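A.B. asks: Here is a sequence with its predicted model. Questions after.
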Number of protein chains: 2
Amino acid sequence: MKLKMMYSFLNSDISLIEKKLEETIKSESILLQQASLHTLQAGGKRIRPVFVLLAGKFGSYDINVMKNVAVALELIHMASLVHDDVIDDADLRRGQPTVKAKWDNKTAMYTGDFVFALALELMTNIKHPLAHKILANAIVEVSVGEIQQIKDKYRFNQNLRDYLRRIKRKTALLIAVSCQLGAVAADVEEAIHKKLYRFGYYVGMSYQIIDDILDFTGTEKELGKPAGGDLLQGNITAPALFAMENEAARKEIEKVHAKSSKADIERIISLVKQTGAIDKSLALSDLYLEKALSILEELPANKAGKALRDIAKNIGRRKF
Amino acid sequence: MKLKMMYSFLNSDISLIEKKLEETIKSESILLQQASLHTLQAGGKRIRPVFVLLAGKFGSYDINVMKNVAVALELIHMASLVHDDVIDDADLRRGQPTVKAKWDNKTAMYTGDFVFALALELMTNIKHPLAHKILANAIVEVSVGEIQQIKDKYRFNQNLRDYLRRIKRKTALLIAVSCQLGAVAADVEEAIHKKLYRFGYYVGMSYQIIDDILDFTGTEKELGKPAGGDLLQGNITAPALFAMENEAARKEIEKVHAKSSKADIERIISLVKQTGAIDKSLALSDLYLEKALSILEELPANKAGKALRDIAKNIGRRKF
């Protein structure tokens, strides 16, 4: 089943979100609008808006309220990608040139600032003080994570805990917050919105681990960028960490630097695969996925819960 | 009279703000903390916190509420400076190396993001939805202004209106919002907090015009950076615009580019001074200052109002 089929009952609301995303980034600055639209149209699964809306279905769902949270969370995600591409010197994302590649680093910096500001503006339509606290705390954490990410690059003596903390901040937190804020905005009681937060956190962890696996196992066509990009950029992810338990693999991985040749990276990717690191990483992702699914059991049974389960499974087992 | 003497009745609250600024930027990321502290300690007049507190004195002033707004506004200002120094390729600010110079552009980008996120976190302590709306709208405007600023560089056929719109977004808006939010957080009625907004706007315009004049008339020691920096960076300000009414001066100014020599810039500065552009710029600043002072007449008479008047005059007539 395709991802979109899992929440077809949201179809008209999702179209509305897509329209509102485009409307929101309209600006008198043509450059800002073009750069933002470019990022928006580069695609993405809009998984955060979907989570916001589904979480809202556990309470009093009003699309005119929910849309603000859904669009805001997608914009915050977009803003962080635009800034991340500056850090990563990334020229491609989802097969499209990044803002920093198509324009430059400065434009990327200000496009990120602008898109982020728009998200804040939308959030002011949400009256729940708790929603603002949750979001602001998460954003601080994410921003600390962004700089830690730089420090961790090419640091080969890091451990799995460092990695997990990094992907929590990079991915899981904002997905967790998407689930929680969707619920808070729909007046869902605390016990439930906290569980939705944990669901989102676990799904986010599983999602990012899979993403990091795909960077080793995917083809350039599937990834929209060459495989092994994480390694080349010094981003030490689960597969590399598990592979480094093997001394021979460790020695090779530790030689990686920003100018490593494509052939070297390809050789190391095969090496990583031979160590069984991919299976270990998959098992780690599954662990989080199982936790996510088990929390859903504790939630009221409804079609939103069923959709969340289907999406979680799809994400945890996706091939690209 | 020195600036600080004008609001000596706020002394203990200002010390508290200074302490809270330092506390707030503490982070597990040593790099973020150092870069933030560096920016904080580079100084500045803390004029935004002072305006927040003084505006609060028109209502029910509770320092435990006010301090959140005061610190948040200073942090937002700091964050925008850190990002601006990336755009301007500025190595010095207030005689100190900038974050982008002492570290690099990426660190500056993330330090800005981090400091900004901290400000948002503090603002969540403010319950007034209106305060959040006002702030978010201003931040969107400021971020649009930042990118427009790049487009306007070395664009010599711009007019005074372009310039005024630019300094509104760059400076006046956040000062206006400081005044208004201080009042809103202290439950001041709408008629008054709107006047405080306008007061702040006019003072901010006057302030920035003076700043732009000083870039022509100040010494390197006074400015903490070489004079003529704006011109060299293609930032066309009031003195340059007035000078360009003179054909000979216009021809010279239009030759300026990023690699213009120090001697060329110095020659053009003298030329600008000879055209009478400095006096015209001062008159423009005075116009805004008079507007600011006249609004104060409409406010309830109290010592905060007197302090605002003294500060406005001091700012409008400062020598550096």
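C.D. replies: Okay, I see it. Numbers count the residues shown, from 1 in each chain, chains lettered A, B, ... in the order given.

A.B. asks: helix, strand or coil for A:Asp187?
C.D. replies: The local conformation at A:Asp187, judged by DSSP: H, G, I helix; E, B strand; the rest coil, is coil.

A.B. asks: Is any residue of stretch A:87-103 near chain B?
C.D. replies: Yes: counting by Cβ under 8 Å from any Cβ of the partner chain, chain B is contacted by stretch A:87-103 at A:Ile87. Yep, even glycine has a C-beta here, placed from its N, CA and C like the rest.

A.B. asks: which parts of the stretch 101-250 of chain A sit against chain B?
C.D. replies: So the stretch 101-250 of chain A meets chain B at A:105-107, A:109-114, A:116-118, A:120-121, A:123-124, A:127, A:129, A:132-133, A:136-137, A:139-140, A:142-144, A:146-148, A:150-151 (Cβ under 8 Å from any Cβ).

A.B. asks: Count residues in the vicinity of the residue in the stretch 201-320 of chain A that chain B sits nearest to, would you?
C.D. replies: Checking the stretch 201-320 of chain A residue by residue against chain B with Cβ to the nearest Cβ singles out A:Gln233 as nearest, at 12.9 Å. Using other Cβ atoms under 10 Å in any protein chain shown as the criterion, A:Gln233 is surrounded by 16 other residues.

A.B. asks: Report the buried residues of the host helix or strand of A:Gln208.
C.D. replies: According to DSSP states H and E, A:Gln208 maps onto helix A:190-217. Counting neighbours by 16 or more other Cβ atoms under 10 Å in any protein chain shown, one finds that the buried residues in helix A:190-217 are A:192-193, A:195-217.

A.B. asks: what does stretch A:256-272 give?
C.D. replies: Counting neighbours by 16+ other Cβ under 10 Å, stretch A:256-272 gives A:Val256, A:Ser260, A:Asp264, A:Ile265, A:Ile268, A:Ile269, A:Leu271, A:Val272 as buried.

A.B. asks: Quick check: closest non-adjacent residue to the residue nearest the centre of chain A.
C.D. replies: Ranked by distance to the mean C-alpha position of chain A (Cα atoms, centre = their mean), the top residue is A:Thr171 at 4.2 Å. Spatial nearest neighbour of A:Thr171, chain neighbours left out: A:Gln208 (4.1 Å); criterion: Cβ to Cβ, 6 or more residues apart in numbering or on different chains.

A.B. asks: Help me confirm that that neighbour comes into contact with A:Leu173.
C.D. replies: No: if you go by Cβ atoms under 8 Å, A:Gln208 and A:Leu173 don't touch, sitting 10.7 Å apart.

A.B. asks: list the buried ones in whichever helix or strand A:Asp279 is part of?
C.D. replies: Assigned by DSSP H and E, A:Asp279 belongs to helix A:277-297. Within helix A:277-297, the residues scored as buried using 16+ other Cβ under 10 Å are A:277-278, A:280-282, A:284-285, A:288-289, A:291-293, A:295-296.

A.B. asks: after that helix comes which helix or strand?
C.D. replies: Read in the C-terminal direction, the helix or strand following helix A:277-297 is helix A:303-316, with elements assigned using DSSP H and E.

A.B. asks: okay, A:Thr219: pLDDT?
C.D. replies: According to the per-residue confidence, A:Thr219 scores 85 in pLDDT.

A.B. asks: Just give me the neighbour total for it.
C.D. replies: Other residues within reach of A:Thr219 by the criterion other Cβ under 10 Å amount to 10.

A.B. asks: who's in contact with it?
C.D. replies: A:Ala227 (Cβ atoms under 8 Å, 6 or more residues apart in numbering or on different chains).

A.B. asks: Distance-wise, check it relative to A:Ala227.
C.D. replies: With distances taken as Cβ to Cβ, to the nearest Å, A:Thr219 is found 7 Å from A:Ala227.

A.B. asks: And for A:Val82?
C.D. replies: Computed with Cβ to Cβ, the distance linking A:Val82 and A:Ala227 is 23 Å.

A.B. asks: Now find how far off-centre stretch A:7-16 is within its chain.
C.D. replies: In terms of Cα atoms, centre = their mean, to the nearest Å, the gap separating the centre of stretch A:7-16 from the centre of its chain is 21 Å.

A.B. asks: Outside of that stretch itself, list whatever touches it.
C.D. replies: Counting contacts by Cβ under 8 Å, 6+ apart, the residues outside stretch A:7-16 that touch it are A:Arg46, A:Pro49, A:Val50, A:Leu53, A:Leu54, A:Ile63, A:Met66, A:Lys67, A:Lys303, A:Ala307, A:Ile311.

A.B. asks: confidence score at the last one?
C.D. replies: What that stands for is A:Ile311. For A:Ile311, the predicted pLDDT is 94.

A.B. asks: any idea of the pLDDT on the nearest residue to it once chain neighbours are set aside?
C.D. replies: With Cβ to Cβ, 6+ apart as the measure, A:Met6 is the residue that lies nearest to A:Ile311, at 5.4 Å, once sequence neighbours are left out. The per-residue pLDDT reported for A:Met6 equals 86.

A.B. asks: Surely A:Met6 touches A:Lys313?
C.D. replies: No: using Cβ under 8 Å, A:Met6 and A:Lys313 do not qualify as a contacting pair, with a distance of 9.1 Å.

A.B. asks: Comparing the two, which residue is more hemmed in?
C.D. replies: Between A:Met6 and A:Lys313, A:Met6 has the larger neighbour count (other Cβ under 10 Å), namely 20 against 17.

A.B. asks: Quick check: that one is in a helix.
C.D. replies: Yes: with three-state DSSP as the criterion, A:Met6 is part of a helix.

A.B. asks: what does stretch A:186-197 rub up against?
C.D. replies: Residues external to stretch A:186-197 that are found in contact with it (Cβ under 8 Å, 6+ apart): A:55-62, A:65-66, A:176-177, A:179-180, A:182-184, A:295, A:298-300.

A.B. asks: Drop anything exposed from these.
C.D. replies: Among the contacts of stretch A:186-197, those that count as buried by neighbour count (16+ other Cβ under 10 Å) are A:55-59, A:61, A:65-66, A:176-177, A:179-180, A:182-184, A:295, A:299.
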